[in-house]
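In: Need coordinates for the following:
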Amino acid sequence: MSGQPDELVSFYGNSLKLAKCSLAVSKAYKTAAAPGATLWDLYPELLDPGARSMIEAVLAGGLPRNIAISGSLGKSRSLLVFCTERGIGVIEARDASASSEALTGEADRALLLHQARHDVLTGLANRRQFTSDLETSFPVPKGQKLALMQLDLDDFKPVNDTLGHGAGDAVLKMTAERIQAVLRDGETAYRLAGDEFAVIQRGREPAEAEDLAGSLVRAFKEPFTIDGIDVFVGASVGIAIAPADGNDGEQLMKAADIALYAAKNDGRGRARTFNRSMMIMLEQRETLRRSLRVALKERQFFIEYQPLVELSEGIVGFEALLRWRHPYAGVVPPSVFIPMAEADGLMGDIGAWVLEQACREASTWPSHFIVAVNLSPAEFLRRGFTDRISGILDAVEFPAERLEIEITETVLLERTTKNLDILHTLEVLGVRIALDDFGTRYSSLSYLQNFPFDTIKIDRHFIKDVETNPRSQTIVRFIIGLARGLGMRITAEGVETAGQATWLRREQCDRLQGHLLGAPMSSDAIGDFLRQGSFATGWVG
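Out: As a prediction, this is how the structure comes out:
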């Protein structure tokens with residue numbers, strides 16, 4: 001949409017300061033030559049509340065608007081106001097009746113331009129516009145800075161899975177509004193895809209980029225209300241600054257992606273600024289990822305077992321905990337390698353090995369002991385899962401009732417109806433089923449209603465301060481009461497102190513697990529542990 005010398009065309013930045021205009025506008029409005037001239041200086045009629053609201057709608061990423069205004073001599077004028085990369089543009093027609101056809105054509109062109117460059121759902125500039133803006137920002141002028149922020153929503157998928165895609169769309173629209181609400185002049189927001197957003201900040205110092213990223217994270221601390229339901233969706237932000245972190249758009253994008261990965265890996269709901277050490281850590285993770293493909297074949301995995309203590313009986317079994325001993329990196333934490341294995345499609349084979357190995361080793365324990373095995377969502381979703389469980393139990397000749405499968409709600413969020421059918425099949429086989437990390441998601445109660453779990457495991461997050469925190473005490477009492485009312489056993493994870501154990505015993509928690517009662521140990525150490533007796537056994541008795 002070009003501005004010819006005889007056309008009344010003007011463009012305004014995000015602060016609505018005049019950025020450029022055609023010669024015809026300069027001649028028609030003396031105020032256009034004034035330093036710092038704004039849209040309101042050229043068209044004070046737009047300060048009328050009705051007209052101003054339309055301007056604000058266009059600024060928020062809305063469609064082009066035709067706004068009729070009257071001149072000093074009563075002549076009507078029509079303004080076509082449309083969104084641009086930096087703010088808005090205005091095309092003025094002095095004689096509306098004579099120019100209606102031309103103006104309609106301009107409106108159609110503006111609408112097509114807007115649709116090509118903006119996201120339909122949120123009204124934000126889209127990936128195409130983002131790519132164009134980022135490319136044209138380089139090279140960054142000497143002495144200036146350009147900040148790129150990559151923003152991903154945390155826990156957005158469960159919203160779609162539990163409340164439907166309509167609710168997800170509502171959250172995305174409100175996300176765009178929250179992002180826009182904290183932006184200032186020189187800052188532009190984009191929706192790249194799904195729940196991925198970006199912000200470009202021009203002409204500010206790195207500290208100001210971190211301040212903006214912090215404001216973006218804080219903007220998501222309050223819940224989204226969807227049909228009367230409060231939904232908590234956080235935001236993680238990765239920051240990269242040009243030219244230090246990249247001399248072109250591709251380099252800067254990579255740096256911001258790495259910083260975003262670091263923010264998520266550090267616990268999500270936070271912002272991280274790119275530094276070179278992040279690149280080194282990412283390279284190390286990629287090395288581990290490649291090593292993971294041969295770890296099972298070369299028998300680098302092993303299992304440790306942590307005691308499960310029934311308050312009324314003492315030790316009743318052990319939970320199997322997968323470990324990886326890398327030949328050079330040493331023992332790699334499960335929190336590091338399990339997400340890699342899931343992402344690379346390896347967890348199915350690894351999980352089958354863990355299940356068979358745990359059942360074989362548990363077959364040497366006292367006959368009333370159970371073995372609890374954690375189940376990855378990736379394993380659960382593999383075709384023929386229940387047949388593999390049955391086949392392993394038959395091959396090892398291990399009684400189904402001595403196996404307890406632990407799942408998290410993440411498993412159930414994938415394909416609810418089919419997943420519940422799988423759980424019912426396991427129940428028919430005689431396998432016990434525990435709901436792990438209870439209370440860390442939205443939908444626990446609906447799943448408890450649909451499926452009778454044998455055990456509910458209270459997440460260690462609620463146990464760590466249960467002696468002193470009244471809120472944690474209330475939550476734990478509620479979970480224990482809920483489980484008892486539904487006829488389910490309750491296990492508390494992460495029991496580290498005698499005070500925690502005493503409190504839980506007083507509240508009639510069924511089973512405890514944690515370092516107080518026994519640290520994870522090798523299969524070979526279990527015999528000595530049982531023969532020597534344990535603090536757990538003595539304490540329970």
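
In: Report the contact partners of D155.
Out: 232-234 (CB atoms under 8 Å, 6 or more residues apart in numbering). C-beta: built from backbone N, CA, C; applies to glycine.

In: measure the residue sitting nearest the centre point of the chain to R270 for me?
Out: Of all residues in the chain, the one closest to the mean position by CA atoms, centre = their mean is D154, 2.0 Å from it. D154 sits 10 Å away from R270, going by CB to CB, to the nearest Å.

In: list the residues that contact both of those two?
Out: S236.

In: Run through the bridge partners of I433.
Out: I405 (DSSP bridges).

In: picking up where we left off before, wait, the residue nearest to the centre of the chain touches R268, no?
Out: Yes: checked against CB atoms under 8 Å, the pair D154 and R268 is within contact range at 4.4 Å.

In: Which residues are in contact with each of those two?
Out: What both D154 and R268 touch, as defined by CB under 8 Å, 6+ apart, is the set 234, 236.

In: List phi and psi for I490.
Out: phi -120, psi 130 (degrees, to the nearest 10).

In: From A57, how far out is it?
Out: 53 Å.

In: Same drill for the two, tell me which one is more crowded.
Out: Of the pair I490 and A57, I490 is the one with more neighbours under other CB atoms under 10 Å, namely 22 against 15.

In: Skip the chain neighbours and tell me the closest residue to that one.
Out: A483 (4.2 Å; CB to CB, 6 or more residues apart in numbering).

In: Just the endpoints, please. Distance across stretch 399-406?
Out: Stretch 399-406 has an end-to-end distance of 17 Å (CA to CA, to the nearest Å).

In: before we move on, what about stretch 60-67?
Out: End to end - CA to CA - stretch 60-67 spans 17 Å.

In: what's in contact with it?
Out: Contacts for stretch 60-67 (CB under 8 Å, 6+ apart): 46, 51, 54-55, 57-58, 78-83, 103, 107, 110-111, 114, 118-119, 122-125, 176-177, 180.

In: any idea how far that stretch is from the chain center?
Out: 32 Å (CA atoms, centre = their mean, to the nearest Å).

In: Got the confidence number for L113?
Out: pLDDT recorded at L113 is 68.

In: Equivalent analysis for D185, please.
Out: D185 carries a pLDDT score of 81 in this model.

In: before we move on, what about H165?
Out: For H165, the pLDDT comes out at 87.

In: Next: the one 10 residues further on.
Out: As summarised for this prediction, T175 has a pLDDT of 95.

In: Where does it sit, in terms of helix or strand?
Out: Per DSSP states H and E: T175 is located in helix 165-182.

In: C-alpha coordinates for that helix, PDB please?
Out: Extracted in PDB, the C-alpha atoms of helix 165-182 (Å, rounded to 0.1, in the frame of the first residue of the first chain):
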ATOM      1  CA  HIS A 165     -10.200 -26.800  22.300                       C
ATOM      2  CA  GLY A 166     -12.700 -23.900  22.800                       C
ATOM      3  CA  ALA A 167     -11.200 -23.300  26.200                       C
ATOM      4  CA  GLY A 168      -7.700 -23.500  24.800                       C
ATOM      5  CA  ASP A 169      -8.600 -20.900  22.200                       C
ATOM      6  CA  ALA A 170     -10.000 -18.700  24.900                       C
ATOM      7  CA  VAL A 171      -6.700 -19.000  26.900                       C
ATOM      8  CA  LEU A 172      -4.700 -18.100  23.700                       C
ATOM      9  CA  LYS A 173      -6.800 -15.000  23.200                       C
ATOM     10  CA  MET A 174      -6.400 -13.900  26.800                       C
ATOM     11  CA  THR A 175      -2.700 -14.700  26.500                       C
ATOM     12  CA  ALA A 176      -2.400 -12.200  23.600                       C
ATOM     13  CA  GLU A 177      -4.200  -9.600  25.700                       C
ATOM     14  CA  ARG A 178      -1.900 -10.100  28.700                       C
ATOM     15  CA  ILE A 179       1.200  -9.800  26.600                       C
ATOM     16  CA  GLN A 180       0.000  -6.700  24.900                       C
ATOM     17  CA  ALA A 181      -0.900  -5.100  28.200                       C
ATOM     18  CA  VAL A 182       2.700  -5.000  29.300                       C
END
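
In: Please name every helix or strand in contact with it.
Out: strand 146-154, helix 157-163, strand 187-193, strand 196-202, helix 206-218, strand 224-226 (3 or more CB pairs under 8 Å, 6 or more residues apart in numbering; DSSP states H and E).

In: about what we covered before: for PyMOL, what selects the buried ones among the contacts of stretch 60-67?
Out: Here is the PyMOL command that selects the buried residues among these (16 or more other CB atoms under 10 Å):
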select buried, resi 46+51+54+55+58+78+79+80+81+82+83+103+107+110+114+118+119+122+123+124+125+176+180
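
In: among the contacts of stretch 60-67, which are in strands?
Out: Among those, the residues falling in strands (DSSP state E) are 78-83.

In: Of these, just say which sits nearest to R191.
Out: C83 (14.1 Å; CB to CB).

In: beta partners for the closest one?
Out: Here C83, judged by DSSP bridges, has bridge partners I88.

In: For the stretch 51-200 of the chain, give me the ranges with low pLDDT.
Out: Applying pLDDT under 70 to the stretch 51-200 of the chain flags residues 61-62, 71-75, 85-86, 94-114.

In: Pairing partners for I67 in the sheet, please.
Out: Under the criterion used (DSSP bridges), I67 bridges to L79.

In: how many neighbours does it have?
Out: Residues within reach of I67, counting by other CB under 10 Å, total 20.

In: how far away is it from L288?
Out: 59 Å.

In: Please apply the same query to Q449.
Out: Here Q449 is placed at a distance of 41 Å from L288 (CB to CB).

In: Neighbour count for these two, which is higher?
Out: Per other CB under 10 Å, whichever of Q449 and L288 has more neighbours is L288, with 18 against 9.

In: For the strand or helix carrying that one, name the packing helices and strands.
Out: If you go by DSSP H and E, L288 is part of helix 276-295. Helices and strands touching helix 276-295, by 3+ CB pairs under 8 Å, 6+ apart, are helix 249-265, strand 314-326, helix 334-343.

In: Would you convert the ones you listed into JSON lines that also reports mean neighbour count and distance to V199?
Out: Shown next, in JSON lines, are the helices and strands packed on helix 276-295 (neighbours: other CB atoms under 10 Å; distance: least, CB to CB, whole Å):
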{"stretch": "helix 249-265", "mean neighbour count": "20", "distance to V199": "10"}
{"stretch": "strand 314-326", "mean neighbour count": "20", "distance to V199": "38"}
{"stretch": "helix 334-343", "mean neighbour count": "17", "distance to V199": "27"}
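
In: now these as CSV including mean pLDDT?
Out: Formatted as CSV, these follow (pLDDT from 0 to 100):
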stretch, mean pLDDT
helix 249-265, 93
strand 314-326, 95
helix 334-343, 85
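
In: could I get the ones you listed as JSON lines with distance to A34?
Out: As requested, the helices and strands packed on helix 276-295 are exported to JSON lines (distance: least, CB to CB, whole Å):
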{"stretch": "helix 249-265", "distance to A34": "36"}
{"stretch": "strand 314-326", "distance to A34": "68"}
{"stretch": "helix 334-343", "distance to A34": "58"}
